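Asker: Okay, here's the prediction I keep looking at, along with the sequence it came from:
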Amino acid sequence: MCKPTTLFNPRSFSLLENGQANILTCDGTNAQPATRVHLKPHDLPRDRPYWRAREAGQI
């Protein structure tokens with residue numbers, strides 16, 4: 001009998017802040033390990049990086 005496995009550690013969800021997500025990436029053939037990413041809000045300009053906007057207090 002197969003034992004179910006979890007893709008994400010349950011604790012990783014409790015550690016997420018606003019604007020973060022856990023993702024599984026794939027390059028088309030190979031799945032990459034689970035990763036935490038920062039989501040850029042849609043109302044920020046494209047030329048303004050997430051971290052600079054956060055330092056400026058816009059996020």
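Answerer: Alright, I've got the coordinates. Residues are numbered from 1 along each chain as shown.

Asker: tell me the centre residue of the protein?
Answerer: V37 (2.4 Å; CA atoms, centre = their mean).

Asker: can you tell me which helix or strand it belongs to?
Answerer: V37 belongs to strand 35-38 when assigned by DSSP states H and E.

Asker: May I see the buried residues of that strand?
Answerer: Buried residues in strand 35-38, counting neighbours by 16 or more other CB atoms under 10 Å, are absent. For the C-beta atoms, the positions are set from N, CA and C on the backbone; glycine is no exception.

Asker: That strand: partners in the sheet, and parallel or antiparallel?
Answerer: Partners of strand 35-38 in the sheet, by DSSP bridges, are strand 20-23 (antiparallel).

Asker: picking up where we left off before, quick check: mean pLDDT across the strand holding V37?
Answerer: In this model, strand 35-38 has a mean pLDDT of 83.

Asker: so after that strand, what's the next helix or strand?
Answerer: helix 50-55.

Asker: ok, and what's touching that next one?
Answerer: With CB atoms under 8 Å, 6 or more residues apart in numbering as the test, helix 50-55 has contacts from 19, 38, 40, 44, 59.

Asker: Next up, phi/psi of the closest residue to the first one other than its chain neighbours, please.
Answerer: If the residues on either side of it in the chain are set aside, G19 comes closest to L39, at 4.9 Å by CB to CB, 6 or more residues apart in numbering. L39 adopts backbone torsions of phi -90, psi 130, taken as degrees, to the nearest 10.

Asker: wait, what's in contact with L39?
Answerer: Contacts of L39 by CB under 8 Å, 6+ apart are 19-21.

Asker: which one of those residues is nearest P49?
Answerer: Of all the contacts of L39, P49 sits closest to G19, with 13.3 Å by CB to CB.

Asker: Report the lowest-confidence entry in the contacts of L39.
Answerer: Scoring the contacts of L39 by pLDDT puts G19 last, at 82.

Asker: For burial, what's the neighbour tally of that residue?
Answerer: For G19, the count of nearby residues is 13 (other CB atoms under 10 Å).

Asker: same thing with N22?
Answerer: Look at N22: counted by other CB under 10 Å, it has 15 neighbours.

Asker: Low-confidence regions, the chain specifically.
Answerer: In the predicted model of the chain, residues 1-6 satisfy pLDDT under 70.
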